[in-house]
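Colleague: I need the structure of the sequence given here:
(2 chains)
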Protein chains: 2
Amino acid sequence: MYTYDYLLNFSKSVFMKMGCNEEDALTATLVFLAAELRGLPSHGMLRIKDYYQLWKSDRINTKPTIRIVHESPSTAVVDGDNAIGMVASVFSMNVAIEKAKKSGTGWVSTRNSNHFGMGAYYIMMALQHNMIGICMTNANPLVAPPHATKPLLGTNPIAVAIPADKQPPFIADFSTTAISRGKLVVAAKKGEKVAHGYVQDKFGNPSDDPEIIEKGGAMLPLGGDLAHGSHKGYCVGAIVDIFSAVLSGANFGPFVPPSVAFLPVLKEKVGKGTGHFFGAMRIDAFQPADEFKAGMDLWIETFRNADHAEGKPGVMIPGDMERIKETEIRKSGINVIPAVAKELKEIADNLGVEFEIN
Amino acid sequence: MYTYDYLLNFSKSVFMKMGCNEEDALTATLVFLAAELRGLPSHGMLRIKDYYQLWKSDRINTKPTIRIVHESPSTAVVDGDNAIGMVASVFSMNVAIEKAKKSGTGWVSTRNSNHFGMGAYYIMMALQHNMIGICMTNANPLVAPPHATKPLLGTNPIAVAIPADKQPPFIADFSTTAISRGKLVVAAKKGEKVAHGYVQDKFGNPSDDPEIIEKGGAMLPLGGDLAHGSHKGYCVGAIVDIFSAVLSGANFGPFVPPSVAFLPVLKEKVGKGTGHFFGAMRIDAFQPADEFKAGMDLWIETFRNADHAEGKPGVMIPGDMERIKETEIRKSGINVIPAVAKELKEIADNLGVEFEIN
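Modeller: As a prediction, this is how the structure comes out:
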């Protein structure tokens, strides 16, 4: 177990050794630690190694000049200059928020970025301004649309945060696939098969093999199969891809670069880096903020208190589960699994930074 | 078979007899006929009866004063004055488009409306302005979120239209449920059971009974069950509900009024009428329009030409299927099934309008 502050100082030092200025190092660290607190270690300390290796192979820019390259009163395209994804994303979300202050809403499509970690971080930035926050990102191809035999889309998540008054905010953050990549990895480690509707083989046939991606297979869009609406999951993933990449001039679909250094740089490019899309909507651009927030309280209470199946928890509001986790983890400290702690120790030693395995 | 013009004149006359001015009657008619052309008869002539009966029971306003009640440079809330949904929606989408002309994007949340027919109509209005069109609507409750035993959300569709250059536009229009209500009706009529993941019984248990909704059951969100991501389908449906209703002050979730007169008016209200949400984004608010459109051509060609499973059609682009249908139906004429034609004849006779069953 580690304290929040210990990991904060450690991660900040690592990013600074990689050439980031203090502000950028803090930004990247805050996003990773927010993921740890919300019980999403897959988007936390684990990712330091990915960025370290990308930096070692000269595949990211830790001294970027991030800038707006095109804009209107309510929109902008940001070029991330191949920055760490979290740094380009906080910049972009701040642009969206500033646009929303003046024009009611702000919408930013970002190119030339990298893996941005946990989307929930950026949407929550909007809440303190009484705004709804929205973000999405494309990602390296893992998902086959209906009838396709090769991955053409990433897991392309969407996140939306909506402020309430007495109730905690509504915070949805979900990939547009039937399941997460992580669940496949866990099933593979346990030697288990996976359910119908998660993956297909390289011919496009249904598969129950959690390691099928390594064998030329693909994950399936939300819905799982056409009879259960996988064409709708494909639509959502496609919209995320187009808003993130075609609007900004990033690489789309099968051309999105890998977020890890052990995968080779793709030969073919159709744009610059990875793409994201950010939105901020001022709630008082629609109605007085206190009325909207009272309405959200009522919405949340209606759903939370609805009749539910016997022996099951009640209806959850998006964000409930992560908030419960955060309360626990803030008390217990942050658990870094031994394999990750070992990796962090090696990185620390290479960079001349302190890190103790505990 | 009917010609487009015959049904246009008939439907316009019906709406005018119900008190609409010529412009509003034409608007409602154009949306219905666009659905017929796209092969969606469930959103076409079939719906005239619903509106006729709502009008007979004095539940809609055919002489509405639709107005903006709140606005910012890029946003507005529109009060539909209990208008026919199509009339309130065309008004609202035009507001979004005008906002986008000035501010780059326009976003309108609409309250006090009714069933708006086919969402694809409104998003396609944006295309001729070189804009991306977005719309969503809530609908009367049919869908149970995970663990709930009662319907709390409608099928809450989302539609997005994105212009291309040489390629036809990307036009996605989909409900946020595993399947459509229509498929349940068809299965029931055939006496067939339905697949796992479509519906649940009144206790929240999985069911294969297509008539389970009439017995207190519910439809399931996209994903079908938690193991296949139904919490994500719930998130999407919830976001549609909040953007359409909490932002505008319409009825949300279980309080959305029925779109048919044979269901009673709900006793409890938390807002005004049904809610929609419309968006328009000028593509040149992000990059030069011709560059964006060339990018969309490349996106569409990449996906359309991707490797596909043997014996299966290639990867479809959202909107492909409806465009093929439209070409066929423009040639063949519009088929109105005998049961619907009979209903239309009755309505015509009551209103003193010409209609021939053929």
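
Colleague: who are the neighbours in contact with A:K17?
Modeller: A:L351, A:G352, A:V353 (CB atoms under 8 Å, 6 or more residues apart in numbering or on different chains). Quick note: C-beta positions are derived from backbone N, CA and C, even for glycine.

Colleague: just A:P151 next, same as before
Modeller: A:P151 touches A:P141, A:L142, A:V143, A:A144, A:I213, A:A218, A:M219, A:P254, counting by CB under 8 Å, 6+ apart.

Colleague: So it lies in a helix, does it not?
Modeller: No. A:P151 sits outside any helix when classified using DSSP: H, G, I helix; E, B strand; the rest coil, being coil.

Colleague: Need the nearest residue in space to it, chain neighbours excluded.
Modeller: Excluding its sequence neighbours, the residue lying closest to A:P151 (CB to CB, 6 or more residues apart in numbering or on different chains) is A:P141, at 3.9 Å.

Colleague: Shouldn't that neighbour be within a helix?
Modeller: No. Counting by three-state DSSP, A:P141 is not found in a helix; it is coil.

Colleague: Pretty sure it sits against A:L153.
Modeller: Yes. With contact defined as CB atoms under 8 Å, A:P141 reaches A:L153; the gap is 6.2 Å.

Colleague: got any residues that touch both of these two?
Modeller: Shared contacts of A:P141 and A:L153, counting by CB under 8 Å, 6+ apart, come down to A:G253.

Colleague: Show me which of the two is the more surrounded one.
Modeller: A:L153 (31 against 23; other CB atoms under 10 Å in any protein chain shown).

Colleague: is any part of the helix or strand bottoming out on mean pLDDT in chain A close to chain B?
Modeller: Across the helices and strands of chain A, the lowest-confidence element by mean pLDDT, DSSP states H and E is helix A:181-190, at a mean of 86. No. On the criterion CB under 8 Å from any CB of the partner chain, helix A:181-190 is out of touch with chain B, staying 9.5 Å away.

Colleague: Tell me if the helix or strand following that helix is near chain B.
Modeller: Counting by DSSP states H and E, the next helix or strand C-terminal to helix A:181-190 is strand A:199-200. No. Residues of strand A:199-200 contacting chain B under CB under 8 Å from any CB: none, with a closest distance of 8.6 Å.

Colleague: In the sheet, which strands lie alongside strand A:199-200, parallel or antiparallel?
Modeller: Sheet pairing of strand A:199-200 (DSSP bridges) gives strand A:206-207 (antiparallel), strand A:218-219 (antiparallel).

Colleague: Return the distance of that strand from the chain's centre.
Modeller: Remark: strand A:199-200 is offset 23 Å from the chain centroid, using CA atoms, centre = their mean, to the nearest Å.

Colleague: What's opposite A:A161 in the beta bridge?
Modeller: A:A161 has these beta-bridge partners by DSSP bridges: A:G133, A:I171.

Colleague: any idea how far it lies from A:E328?
Modeller: For A:A161, the distance to A:E328 (CB to CB, to the nearest Å) stands at 21 Å.

Colleague: So the two - more neighbours on which side?
Modeller: Using other CB under 10 Å, the more surrounded residue of A:A161 and A:E328 is A:A161, with 26 against 11.

Colleague: Now do the same contact list for that one.
Modeller: A:120, A:123-124, A:126-127, A:132-134, A:169-172, A:319.

Colleague: hey, where'd the strands end up in chain A?
Modeller: A:67-72, A:75-79, A:105-113, A:131-137, A:158-162, A:170-174, A:199-200, A:206-207, A:218-219, A:274-282 (DSSP state E).

Colleague: mean confidence for the fourth one?
Modeller: Summarised as a single mean, pLDDT over strand A:131-137 is 98.

Colleague: Number of residues surrounding A:M16?
Modeller: Residues near A:M16, counting by other CB under 10 Å, number 18.

Colleague: Apart from its neighbours in sequence, what residue is nearest it?
Modeller: Once flanking residues are discounted, A:M16 sits nearest to A:A25: 4.6 Å by CB to CB, 6+ apart.

Colleague: which of the residues in the longest helix anywhere in chain A are buried?
Modeller: When chain A is parsed with DSSP state H, its longest helix is helix A:85-103. Judged by neighbour count (16 or more other CB atoms under 10 Å in any protein chain shown), helix A:85-103 contains these buried residues: A:85-97, A:99-100, A:103.

Colleague: about what we covered before: which one of the contacts of A:A161 is nearest B:M18?
Modeller: A:I132 (37.5 Å; CB to CB).

Colleague: List the residues that contact that closest one.
Modeller: Counting by CB under 8 Å, 6+ apart, A:I132 has contacts A:A126, A:V160, A:A161, A:I162, A:P163, A:G279, A:A280, A:M281, A:I283.

Colleague: try A:T3
Modeller: By CB under 8 Å, 6+ apart, A:T3 lies in contact with A:G333, A:I334.

Colleague: And A:V31, by the same measure?
Modeller: A:V31 neighbours (CB under 8 Å, 6+ apart): A:M86, A:S89, A:V90, A:F116, A:G117, A:M118, A:Y121.

Colleague: again, 6 Å this time
Modeller: Contacts of A:V31 were listed using CB atoms under 6 Å, 6 or more residues apart in numbering or on different chains, and they are A:M86, A:G117, A:Y121.

Colleague: I appreciate the help and will end here.
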